[in-house]
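Colleague: got a predicted model here, sequence first, then my questions.
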Amino acid sequence: MSDDLRVIQTDSPPAEGACRTQGFGSPLQLSEEHDLCPGCGEPVALRAILDAVETLDLAQRAIGVVGIGCYTALTSLIDLDLIQALHGRAPSVATGAKRMRPDSLLFTLQGDGDMVNEGLQEVIHAAARGENVTCILLNNGVFGETGGHMTATTVLGQRTKNSLEGRDAAYHGHPILIADLLSRLGGAGYVARASVHDAPGVARARRYLERAFESQMKGEGFSFVEILTMCPTGWFVPTAEGPGYLDDVLAPIHQLGELKRDGALVEPD
Amino acid sequence: MSGVEIRGTLVIDGERCKGCELCIPACPPAVLRMSEARNGSGYAYPELLPGCTGCGACLMVCPDFCFEVYRYDEPIVLEGGTP
Ligand SMILES: Cc1ncc(C[n+]2csc(CCOP(=O)(O)OP(=O)(O)O)c2C)c(N)n1
Ligand code: SF4
Ligand code: SF4
Ligand code: SF4
Ligand SMILES: [Mg+2]
């Protein structure tokens, strides 16, 4: 503990005259302990998702279908019903669960490698069919769990384990902007892209998630929220520079904002 | 002489902190700073200086769930100006 007299004691709650407004984790968390890297955006996104479920009072009806990536290790923290899908297959598993239990809130939790590489057809067909589920993408532009290699969403110029000089369109091809692509499909009712690189970004992610869940509960068809998350380990940047890297490198290509609302494309302002 | 108004405060779990520093620039009144000391895992952790508003921005961006946020019923005013 610092001996600086200005430092306020924060080991225990204030004795009186104050009320707790927010706890360490979401009320829908069983624990706050996890082994993801320092500065990782995935636990921040998870909290935004749980906060949205809690705000809409949908915890008792929620079923999450989880893909495979670093975020899969967070499932032990989540106090909701969950199904573990095979790599990339979560949209189809969610389709089945929703058809059997139409009153449930069905969401998937997937990474960019999981959704846009390994299971691209799944999410496209689910959107085109207008399945009444919400797919959530945690996009960090790398296969985080298996060592930080390039994915289909890695932006041009981005350094990864197998694009050390930066992704080169001539050699590696172009990134897939999945939210933009899905927004063009008739079965998609709500499509948005958020980030967790600062507090206003997290608040926006929560708002978009709530709108997506509300759209599903109203039966408006497929809904999709992409969340850009920091992966300082895979990006080769210090943790404190992760948010700036997301904003400077990923967000200009995977642009933030709502793309589709109430089944109509939103024109960028 | 103007005092520092304190509208909120925190409990910080410094032991769980992984020292990423994401909370430091997230704090609008800039009243968080990293410690000189290290926790049991070898990481510096945030310390709170006077002036917290209880806004919860630090909690929103922390990947390791290290913050609990409190709001005072009545703001506390520390005399002596901004440290
Ligand atoms: C069928 C199959 N192929 C490959 C793997 C190995 N694998 C596990 S996690 C992962 C990367 C996932 O990357 P992403 O979806 O972007 O999630 P992140 O770790 O970045 O959050 C891969 C390739 C697997 N588990 N199953
Ligand atoms: S490798 Fe990246 S995505 Fe995986 S835990 Fe570390 S920072 Fe997070
Ligand atoms: S609650 Fe707000 S004002 Fe207080 S330390 Fe956290 S970010 Fe700063
Ligand atoms: S954001 Fe959380 S884990 Fe990172 S330095 Fe601040 S308290 Fe520690
Ligand atoms: Mg990834």
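Modeller: Good, I have the coordinates. Numbers count the residues shown, from 1 in each chain, chains lettered A, B, ... in the order given. Ligands and ions are numbered 1, 2, ... in the order given.
Colleague: where does the chain dip in pLDDT?
Modeller: Picking chain A for this. Across chain A, the ranges flagged by pLDDT under 70 are A:1-4.
Colleague: hmm, no, I was thinking of chain B.
Modeller: Scanning chain B for pLDDT under 70 picks out B:1-2, B:80-83.
Colleague: ok, the residue nearest to A:Arg159 when sequence neighbours are not counted - contacts?
Modeller: Of all residues not flanking A:Arg159 in the chain, A:Gly166 sits nearest, at 5.5 Å (CB to CB, 6 or more residues apart in numbering or on different chains). No exception for glycine: its C-beta is placed from N, CA and C like everyone else's. Each residue near A:Gly166 by CB atoms under 8 Å, 6 or more residues apart in numbering or on different chains is listed here: A:Leu156, A:Gly157, A:Gln158, A:Arg159.
Colleague: what's the PyMOL syntax to select whichever of those are buried?
Modeller: To isolate the buried members of the contacts of A:Gly166 in PyMOL, using 16 or more other CB atoms under 10 Å in any protein chain shown:
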select buried, chain A and resi 158+159
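Colleague: ligand 5: which of the contacts of A:Gly166 is nearest?
Modeller: Ligand 5 has its nearest neighbour among the contacts of A:Gly166 in A:Gln158, at 12.0 Å by CB to the ion.
Colleague: near ligand 4, anything from the longest helix that chain A contains?
Modeller: Longest helix of chain A, by residue count under DSSP state H: helix A:199-217. No. Helix A:199-217 stays clear of ligand 4 (CB under 6 Å from any ligand atom), getting no nearer than 11.2 Å.
Colleague: same for that helix, what does it pack against?
Modeller: With contacts taken as 3 or more CB pairs under 8 Å, 6 or more residues apart in numbering or on different chains; DSSP states H and E, helix A:199-217 sits against helix A:42-55, strand A:105-111, strand A:134-139, strand A:188-195, strand A:222-228, strand A:257-261, helix B:57-61.
Colleague: would you turn the ones you listed into CSV with mean neighbour count?
Modeller: Converted to CSV, those look like this (neighbours: other CB atoms under 10 Å in any protein chain shown):
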stretch, mean neighbour count
helix A:42-55, 24
strand A:105-111, 28
strand A:134-139, 28
strand A:188-195, 26
strand A:222-228, 29
strand A:257-261, 19
helix B:57-61, 24
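Colleague: of those, which is nearest A:Pro175?
Modeller: Across the helices and strands packed on helix A:199-217, A:Pro175 has its closest neighbour in strand A:134-139 (10.2 Å, CB to CB).
Colleague: quick one on the thing from earlier: how far is the longest helix of chain A from where the chain is centred?
Modeller: Computed by CA atoms, centre = their mean, to the nearest Å, the separation of helix A:199-217 from the middle of its chain amounts to 11 Å.
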